[in-house]
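Asks: fold the stuff below for me.
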Amino acid sequence: MGETLRLNLFDTDTALDYRLAPRWTLRLAAPYAVNALRPALLYETRAVTAAVTFYAGLGAELTASSLAPYAVAGARLIDSLLIEYRPPLAGANGGGASVAPALSGSVKVGWALRM
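Replies: Numbers count the residues shown, from 1 in each chain. Down below sits the predicted model:
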């Protein structure tokens, strides 16, 4: 089953991944700019080559005043380099319907450290 804990370092946040089952991972992330917690449940699968693992999941950003769901998808290359995409939030104002113009998603690159 491999490692059970992984620390992911990105430019905008730090995340701790805990393997629940062979393909399921619980992620707890904390952004640097906001006092929030971002838990997510991720599903992982290996590509044809063993050097690439794809993952996707759903989570929620928990702050003192709001709860915002989000999705995440990414790839882990050679179990160390992370490339992750996070689409824009569905309800940017917290009420379910966004009044702001549609924002583009974010792509980030990070590094995974096995523990």
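Asks: quick check, pLDDT for Glu61.
Replies: What the model reports as pLDDT for Glu61 is 89.
Asks: give the closest residue to it in space, chain neighbours not counted.
Replies: The spatially closest residue to Glu61, leaving aside those adjacent along the chain, is Ala68, at 4.6 Å (C-beta to C-beta, 6 or more residues apart in numbering). C-beta here means a position set from N, CA and C on the backbone, and glycine is covered the same way.
Asks: okay, and the residue sitting nearest the centre point of the chain sits in which element?
Replies: Centroid check for the chain by C-alpha atoms, centre = their mean gives Val72 as the closest residue, at 5.1 Å. Val72 belongs to strand 67-77 when elements are defined using DSSP states H and E.
Asks: partners of the helix or strand just after that strand in the sheet?
Replies: Using DSSP H and E, the helix or strand that directly follows strand 67-77 along the chain is strand 81-86. Partners of strand 81-86 in the sheet, by DSSP bridges, are strand 67-77 (antiparallel), strand 106-114 (antiparallel).
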